[in-house]
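Peer 1: just the structure for this:
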Amino acid sequence: MKKARLKNILFVLTSIFLVVGLLTFAHGCGYMHGVHGPCYKTKVIAIISAAVLVLISVIDYFVRSSKVKNFLSVLQLLTSIFLIVLPTYVAPVCRMKTMHCNIYTKPFIILIGSIDLAISVVAIVVGVLVNKRKENEAYQ
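Peer 2: Numbers count the residues shown, from 1 in each chain. Take a look at the predicted model:
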């Protein structure tokens with residue numbers, strides 16, 4: 001139970017850090033010739049993904065069923081993978097390598113997605129091990 005709380009707290013903290021970072025130091029390029037740059041869409045989708053991670057964590061905190069918890073852990077894993085591929089493939093940032101979004105925004109989103117992916121993988125592995133141990137104890 002404490003491991004699940006720690007996982008959910010870590011997801012909420014990384015999501016808050018992602019949103020704060022995208023709104024402050026890792027922001028997109030802003031207006032270019034009166035329109036938003038391509039990185040604006042990347043920023044908005046990343047913020048929505050962070051909100052989804054927070055929502056999944058809140059639901060996971062209140063759910064008791066291990067099957068639902070495993071499903072939510074897989075959803076967190078998929079959302080983390082989505083964050084990693086977002087700035088490169090799903091909603092690419094500007095093509096110019098010296099733009100702010102290529103130097104700060106893209107690596108920041110990939111870094112937070114990688115941290116979330118590591119949290120997800122560890123949570124899933126620990127969940128599987130705990131479930132196997134409970135099954136083994138039940139058979140003995």
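Peer 1: buried sites along stretch 20-34?
Peer 2: By neighbour count with 16 or more other CB atoms under 10 Å, stretch 20-34 contains the buried residues Gly21, Leu22, Ala26, His27, Gly28, Cys29. Every C-beta, even on glycine, is put in place using the N, C-alpha and C of the backbone.
Peer 1: how many neighbours does the nearest residue to the second one once chain neighbours are set aside have?
Peer 2: Taking CB to CB, 6 or more residues apart in numbering, and ignoring the residues beside it in sequence, Leu22 has Lys43 as its nearest neighbour in space, at 5.1 Å. Using other CB atoms under 10 Å, Lys43 has 26 neighbouring residues.
Peer 1: partner strands of the lowest-mean-pLDDT helix or strand in the chain and their direction?
Peer 2: Least confident helix or strand, the chain: strand 31-32 with a mean of 70, by mean pLDDT, DSSP states H and E. For strand 31-32, sheet partners with direction are given as strand 35-36 (antiparallel), following DSSP bridges.
Peer 1: and the next helix or strand after the strand it pairs with, what's buried?
Peer 2: Tracing the chain past strand 35-36, the next element assigned as helix or strand by DSSP states H and E is helix 38-62. Across helix 38-62, burial judged by 16+ other CB under 10 Å covers 38-43, 45-46, 49-50, 52-54, 56-57, 60.
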